[in-house]
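Undergrad: sequence unavailable; structure follows:
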Ligand SMILES: Cc1cc2nc3c(=O)[nH]c(=O)nc-3n(C[C@H](O)[C@H](O)[C@H](O)COP(=O)(O)O)c2cc1C
Ligand SMILES: CC(C)CC(=O)C(=O)O
């Protein structure tokens, strides 16, 4: 079974170089981008023995959503740049794998169509929706309603993007707009009354540096669904998140695409897990490429991990089949690493099994 790196190599051959750079790249010198993967290579695993690790069960439940494994599809934008089937292919593959797909608000397919594709595969797919809270709260609320009506089961608010990071590859390639015919479909036809009745109007996503905890309280007052925040790196922010009633925390540096030189997520996970103290689920993404990476993250306190680029590489390499192949590969790799560590279930892994 090919490794994630081989899917990346195939994707690179198939993609327009500017689009490959958009997916692959990080902010500025890409120190954090590299660090996310390098940090795992510095960690060593200590297996437990004679624990009867047959009959493994990889399934978890996160905030009421069951998942066949603790490996989720992290939200990534613009899947139709990677493959013509775009998010439809990703959603079908995630549904087939029985795992949660966190749909990016910046998807190039409407959430209703994504949900319909997933439902072709399974009646009750685990779809969550990532939000960039827009300064126009009425507009944001309309997106929230739209996603709820499509059947999403949680909202994941990205909080690491008060402004967009500077991606120098995109600057060099002058890649700043979607090609003709591709749109951020979730922002189509929302608030048309205020834009003069133009029904094909698609607004641009704006990053809002003005966001604060009151906006999280506002969102919680507008939806009964769990609200997670994504992009936490400071233990005090994790504590504040619990204090403010957030349902879950995603330890993320946006795959090294926002503030460069922040640490690898795996390196801040222990302090964040300690700060949260089990009050809410802790998820992590960034640099997960192997089953042993998943094992390390779970051992150090994550309830589940997200994969961003590996899914995009699978999509670009082979559409739905490619995404399925990547998810199957990560599942098999994790299952094997878990067995080798003496675990039967994700929760069996403990911090003493990881050494620096
Ligand atoms: C091409 C690309 C697009 C992304 N788009 C979004 C997005 O729309 N919303 C978001 O919250 N995070 C976005 N992210 C960040 C991912 O959710 C995730 O944090 C990151 O990809 C994890 O790192 P990995 O790619 O090493 O797995 C994006 C990442 C990439 C690579
Ligand atoms: C629309 C974008 C801002 C998507 C994103 O989060 C990213 O490219 O990292």
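TA: Thanks, I have it. None of the values given here were measured: they were computed from a predicted structure. Ligands and ions are numbered 1, 2, ... in the order given.
Undergrad: dihedrals phi and psi, the nearest residue to residue 287 once chain neighbours are set aside?
TA: Distance criterion CB to CB, 6 or more residues apart in numbering; nearest residue to residue 287, sequence neighbours excluded, is residue 36 at 3.0 Å. C-beta: built from backbone N, CA, C; applies to glycine. Backbone torsions of residue 36, given as degrees, to the nearest 10, read phi -50, psi -40.
Undergrad: enumerate every residue touching residue 36.
TA: 253, 255, 256, 264, 265, 266, 286, 287 (CB atoms under 8 Å, 6 or more residues apart in numbering).
Undergrad: so what's the residue count around the residue nearest to the first one when sequence neighbours are not counted?
TA: Spelled out, that is residue 253. For residue 253, ignoring the flanking residues on the chain, the nearest one in space by CB to CB, 6+ apart is residue 262 at 4.9 Å. Neighbour count of residue 262, defined by other CB atoms under 10 Å: 21.
Undergrad: need the pLDDT of residue 262.
TA: Per-residue pLDDT puts residue 262 at 98.
Undergrad: now residue 195
TA: Reported pLDDT for residue 195: 48.
Undergrad: would you mind listing what in the stretch 151-300 of the chain touches ligand 1?
TA: 158, 230, 252, 254, 255, 257, 285, 286, 287, 288 (CB under 6 Å from any ligand atom).
Undergrad: by neighbour count, which of those residues wins?
TA: Counting neighbours by other CB under 10 Å, the top entry in those is residue 286, with 32 neighbours.
Undergrad: next, that residue: phi, psi?
TA: Reported as degrees, to the nearest 10, the phi and psi values for residue 286 are phi 120, psi 110.
Undergrad: surely residue 73 meets residue 99?
TA: Yes. Residue 73 lies in contact with residue 99 (CB atoms under 8 Å); the separation is 6.6 Å.
Undergrad: overlap in contacts of the two?
TA: residue 327.
Undergrad: looking at the stretch 251-356 of the chain, which residue is nearest ligand 1?
TA: Ligand 1 sits closest to residue 308 of the stretch 251-356 of the chain, with a gap of 2.1 Å, by CB to the nearest ligand atom.
Undergrad: so that residue versus ligand 2, what's the distance?
TA: Distance of residue 308 to ligand 2, computed by CB to the nearest ligand atom, to the nearest Å: 9 Å.
Undergrad: and if you look at residue 316?
TA: Taken as CB to the nearest ligand atom, the span from residue 316 to ligand 2 is 15 Å.
Undergrad: mind checking pLDDT for that residue?
TA: 99.
Undergrad: tell me the contacts of it?
TA: Contacts for residue 316 (CB under 8 Å, 6+ apart) come out as 10, 11, 14, 15, 23, 82, 83, 322.
Undergrad: which of the residues you listed count as buried?
TA: For these, a burial check counting by 16 or more other CB atoms under 10 Å picks out 10, 11, 15, 23, 82, 83, 322.
Undergrad: buried stuff in the top helix by length along the chain?
TA: Counting residues, the longest helix found in the chain (DSSP state H) is helix 309-340. For helix 309-340, burial by neighbour count (16+ other CB under 10 Å) applies to 309-320, 322-327, 329-331, 333-335, 337-339.
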